[in-house]
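Asks: Quick one, fold the following:
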Amino acid sequence: MSNLVKLESVNGVATVTIDNPPMNVLSNQVVRELEEVFTSLSEDSEVTVIILTGAGQRAFMAGADIKEFPQWLHLNKEELKNVILQSHRVYNLIDEIAKPTIAMLNGITFGGGCELALACDIRIAEEHVQIGLPEVKLGLFPGGGGTQRLPRLVGEAKAKELMFLGDPLSAQEGKEIGLINKVVPTGEGVNAAQMMAKRISGYSLQTLSRIKKSVNDGMELEFKDALDLELNHFLDVFQTEDVREGVQAFLEKRSPKFIHQ
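Replies: Take a look at the predicted model:
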């Protein structure tokens, strides 16, 4: 059985490509391979930034593999729960990995694909992209974190509207509500994601990981507690070699050379 998730790493930037033609759907095999790849990336000291995309131009990911759903209908509640929790582990792994992640959306991004994009830190979309959570049209609703991550990103009312109606948004409409960070012409998404990743990878992973953790964890706390969290991370980063290098480079009017320590 060939791999459906490809990995390439160059100069601190890892590119993870879902290659499950024709629409890169989230099959059980894709879930397993994503978990394996992101687990390895979390432990790879050479990688600073991760780009996640789909092969081709038709789809980033067109959602779950509906062909597997008839099997789910015969599962009892506990068995189905275990299936869904496997997907949750993958989304949470990507959400919580201590490295910046960029979803490069290159086509249809529906259902589980939208939820996968939501688990990333930044979303860049080519202008032909359609994105949404259409599960309601199947008598379902988002079960991969969509009901939780989407409202935290675009607000409760807009998230409910999108999920109640199930209609997709264009890339530009997604940008207007804060779902997408940047829209680029079709065919230029890879270059845009790589350019952004290259810039980010030039900074200290000690700092980048603390920014991510401060934001992610702070969103769940009362404001005062979130400020305390930020303070603790700020104090920790001042103990790193990279902050010494950054300050010294500034004083010497040169570019810093971070070693991620």
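Asks: Count the neighbours of S201 for me.
Replies: As a burial measure, S201 scores 20 neighbours (other C-beta atoms under 10 Å). From N, CA and C alone the C-beta is placed, and that goes for glycine too.
Asks: Who are the contact partners of it?
Replies: By C-beta atoms under 8 Å, 6 or more residues apart in numbering, the residues touching S201 are N11, G12, V13, T48, V49.
Asks: Of the residues you listed, just the buried ones, PyMOL syntax please.
Replies: Buried subset of these, written as a PyMOL selection, criterion 16 or more other C-beta atoms under 10 Å:
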select buried, resi 12+13+48+49
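Asks: Can you tell me which of the contacts of S201 comes closest to N191?
Replies: Comparing the contacts of S201 against N191 with C-beta to C-beta places V13 closest, at 12.5 Å.
Asks: Just send the contacts of S201 back as TSV, with secondary structure, distance to K99 and pLDDT too.
Replies: Converted to TSV, the contacts of S201 look like this (DSSP: H, G, I helix; E, B strand; the rest coil; distance: C-beta to C-beta, whole Å; pLDDT from 0 to 100):
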residue	secondary structure	distance to K99	pLDDT
N11	coil	14	95
G12	coil	10	96
V13	strand	10	98
T48	coil	6	98
V49	strand	6	98
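Asks: and which of the contacts of S201 is nearest to S2?
Replies: After measuring the contacts of S201 against S2 - C-beta to C-beta - the closest member comes out as V13, at 24.3 Å.
Asks: ok, and the closest non-adjacent residue to that closest one?
Replies: With sequence-adjacent residues excluded and distances taken as C-beta to C-beta, 6 or more residues apart in numbering, V13 is closest to A197, at 4.5 Å.
Asks: cool, and E96?
Replies: Leaving out its chain neighbours, the residue that sits closest to E96 by C-beta to C-beta, 6+ apart is N216, at 7.0 Å.
Asks: and that neighbour, how many residues sit next to it?
Replies: 12.
Asks: Quick check: buried residues in the helix or strand that it is a member of?
Replies: According to DSSP states H and E, N216 maps onto helix 205-218. Buried residues in helix 205-218, counting neighbours by 16+ other C-beta under 10 Å, are found at L205, Q206, T207, L208, S209, R210, K212, S214, G218.
Asks: so where does the nearest residue to the fifth one once chain neighbours are set aside fall, helix or strand?
Replies: Closest residue in space to S209, ignoring its immediate chain neighbours: A98 at 4.0 Å, by C-beta to C-beta, 6+ apart. Assignment of secondary structure by DSSP H and E places A98 within no helix or strand.
Asks: Next, give phi and psi for S204.
Replies: Dihedral angles of S204 (phi, psi; degrees, to the nearest 10) stand at phi -80, psi 130.
Asks: which residues sit in contact with it?
Replies: So, once contact is read as C-beta under 8 Å, 6+ apart, S204 ends up touching T240, D242, V243, G246, F258, H260.
Asks: now the fourth one: how far from A55?
Replies: To tie it back to what came earlier, the one meant is G246. According to C-beta to C-beta, to the nearest Å, G246 and A55 sit 38 Å apart.
Asks: which intervals of the chain have sub-threshold pLDDT?
Replies: 1 (pLDDT under 70).
Asks: circling back: quick one: the residue nearest to E96 and I97 touch, right?
Replies: No - the pair N216 and I97 does not pass the contact test of C-beta atoms under 8 Å, sitting 10.5 Å apart.
Asks: out of the contacts of S204, who has the most neighbours?
Replies: F258 (22 neighbours).
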